[in-house]
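Asks: Need coordinates for the below:
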Amino acid sequence: MQFRHLAWLISGLMLGISIHAQADDSVKKAAQQTVNNVCAACHAADGNSAISLNPKLAGQHPEYLEKQLMEFKSGKRANAVMSGMAAGLSDAEMKELAAYFSAKPTALAQAKSNGVGSVGEKIYRAGNAATGVPACAACHSPNGAGLPKQFPRLSGQHTDYTIAQLKAFRSGERANAPMMMTIAAKMSDAEMAAVADYIQGLR
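Replies: All right, here's what the predicted structure looks like:
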């Protein structure tokens, strides 16, 4: 009887593991289909968007990507296109998509004019004390790698996308990061353009 009971327990355990593995495979397949059929059109299959107004997702912290997808779905981050894309995703699929893109290497780029000693570098590393703009590096790190679970990676991000987000924070169009709304409200268009250019070449 003991052996039968043990065999029954082992059989049940193996069945549970098998079902869990099948569920994981199902989520991964669904996420891969989403990448191929939806995400790739705007962000590229490897997460390195060729369209400068669409962000690079490759190498981004998975926690940040997952948070943004959840907030697109809930409406906390307003974006008609992305809200529609995220509406049908389950929590598990969001997590899998975030893990997929975070594992891809980021394609680095070059700043057009804001390199060493530029206005963009000064804002990124020291901010603007006169207007109360803090250094970007304080939260996003000196090399733009950010801090997992807290602040996104910025290095290599498209200039046009970064400018668009800073302006959206300033106008209130993007309201899912109060700290960034406060900071962007103190920045001029010229400062935004300079620091965004610097970030594109950051590594």
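
Asks: any low-confidence regions in this structure?
Replies: 1-23 (pLDDT under 70).

Asks: Helices of the chain, residue ranges please.
Replies: 2-34, 40-43, 62-74, 80-86, 91-102, 119-126, 137-140, 159-171, 178-184, 189-200 (DSSP state H).

Asks: Redo these as CSV? Include mean neighbour count.
Replies: Where C-beta positions appear, they are placed from N, C-alpha and C, glycine not excepted. Putting the helices of the chain into CSV (neighbours: other C-beta atoms under 10 Å) gives the following:
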stretch, mean neighbour count
helix 2-34, 11
helix 40-43, 16
helix 62-74, 19
helix 80-86, 14
helix 91-102, 20
helix 119-126, 20
helix 137-140, 17
helix 159-171, 19
helix 178-184, 16
helix 189-200, 22
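
Asks: will you turn those into CSV that also has distance to Gln150?
Replies: Formatted as CSV, those follow (distance: least, C-beta to C-beta, whole Å):
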stretch, distance to Gln150
helix 2-34, 24
helix 40-43, 23
helix 62-74, 8
helix 80-86, 22
helix 91-102, 15
helix 119-126, 18
helix 137-140, 7
helix 159-171, 17
helix 178-184, 11
helix 189-200, 17
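
Asks: who wins for proximity to Ser49 among these?
Replies: Closest approach to Ser49 among the helices of the chain is made by helix 40-43 (4.7 Å; C-beta to C-beta).

Asks: Would you mind writing the CA trace of that closest one as PDB?
Replies: The C-alpha trace of helix 40-43 is given here as PDB (Å, rounded to 0.1, in the frame of the first residue of the first chain):
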ATOM      1  CA  ALA A  40       8.000  43.700 -34.900                       C
ATOM      2  CA  ALA A  41       6.100  46.100 -37.200                       C
ATOM      3  CA  CYS A  42       7.100  49.100 -35.000                       C
ATOM      4  CA  HIS A  43       9.900  47.900 -32.800                       C
END
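
Asks: tell me the centre residue of the protein?
Replies: The centroid of the chain falls nearest to Leu65 when counting by C-alpha atoms, centre = their mean (3.9 Å).

Asks: Go through the helices of the chain and name the closest to Phe151.
Replies: helix 137-140 (4.5 Å).

Asks: which other helices and strands contact the closest one?
Replies: Applying 3 or more C-beta pairs under 8 Å, 6 or more residues apart in numbering; DSSP states H and E, one finds that helix 137-140 contacts no other helix or strand.

Asks: so how many other residues sit close to Cys136?
Replies: Cys136 has 23 neighbours, counted by other C-beta atoms under 10 Å.
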